[in-house]
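Participant: Got a sequence here, can you build the structure:
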Amino acid sequence: MNLPFFVYGTLRPGEVNHDRFLRGRTAREEPGRLRGAVLYEGPGYPYAVEAPDGEVRGELVTALPEAYAELLARLDRLEEYVPGDPRNLYDRVARPVVRETGGATVRAWVYVAAPAVAARLRARATRVAGGDWRGVA
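Facilitator: From the prediction side, this is the model:
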């Protein structure tokens, strides 16, 4: 599935990993909202944790078709995501994301905290008020 990506932390425009991973590989970047998740502070980056009453703000990133496979592989490496690996810190999941402009909903890849990580965050980490990491970083 060549889905867009929803980014909410260091991959957002102006953040440390945006130029390194996304510059020159995207066709479009636009503000969006992920419902059904909340943010927790991590060690220099946030974690999205699925939660029915939450909302996370970020950007919906559409990759250039010719860059899609490489970008997907690079983002999986950045997030240390290996399909099916129980040691993952993040899981890559397809979730509906609402475009800020126009309000249309699209399915996008989102890296959310893996279940064991999510449980630790809920127990001990600081939740990001308002679901926007830009106010914290």
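Participant: Let me know the pLDDT of residue 41.
Facilitator: Looking at residue 41, its pLDDT is 94.
Participant: now swap in residue 136 and tell me
Facilitator: Value for residue 136, per-residue pLDDT: 61.
Participant: okay, and for this structure, where does confidence drop off?
Facilitator: By pLDDT under 70, the low-scoring segments of the chain are 135-137.
Participant: Could I get the phi/psi values of residue 116?
Facilitator: Note on residue 116: backbone dihedrals following degrees, to the nearest 10 are phi -70, psi -40.
Participant: Quickly note the distance from it to residue 46.
Facilitator: 17 Å (C-beta to C-beta, to the nearest Å). Heads up, the C-betas are built off the backbone N, CA and C, glycines and all.
Participant: If you count surrounding residues, which of these two has more?
Facilitator: Comparing residue 116 with residue 46 by other C-beta atoms under 10 Å, the one with more neighbours is residue 46, at 25 against 12.
Participant: Isn't the more buried one up against residue 8?
Facilitator: Yes. In this structure, residue 46 is within contact of residue 8 by C-beta atoms under 8 Å, at 6.4 Å.
Participant: Report the set of residues contacting both of the two.
Facilitator: Common contact partners of residue 46 and residue 8 (C-beta atoms under 8 Å, 6 or more residues apart in numbering): 39, 133.
Participant: Okay, buried residues for the lengthiest strand in the chain please.
Facilitator: Ranked by residue count and defined by DSSP state E, the top strand of the chain is strand 46-63. In terms of neighbour count (16 or more other C-beta atoms under 10 Å), strand 46-63 has its buried residues at 46-51, 54-63.
Participant: Stretch 29-46 now?
Facilitator: Buried residues in stretch 29-46, counting neighbours by 16+ other C-beta under 10 Å, are found at 29, 32-42, 45-46.
Participant: With only the CA atoms kept, save it in CSV.
Facilitator: Extracted C-alpha coordinates of stretch 29-46, given in CSV (Å, rounded to 0.1, in the frame of the first residue of the first chain):
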residue,chain,number,x,y,z
GLU,A,29,3.2,18.0,3.1
GLU,A,30,0.2,19.4,4.8
PRO,A,31,-1.1,19.8,8.4
GLY,A,32,-3.2,16.9,9.7
ARG,A,33,-4.7,15.4,12.8
LEU,A,34,-4.6,11.8,14.0
ARG,A,35,-7.6,11.0,16.1
GLY,A,36,-7.5,8.1,18.5
ALA,A,37,-4.0,8.7,19.8
VAL,A,38,-2.1,10.8,22.4
LEU,A,39,1.5,11.9,22.6
TYR,A,40,4.0,11.1,25.3
GLU,A,41,7.4,12.7,25.7
GLY,A,42,10.3,10.4,24.8
PRO,A,43,14.1,10.9,25.0
GLY,A,44,14.3,13.7,22.5
TYR,A,45,11.3,12.6,20.4
PRO,A,46,7.7,11.8,21.1
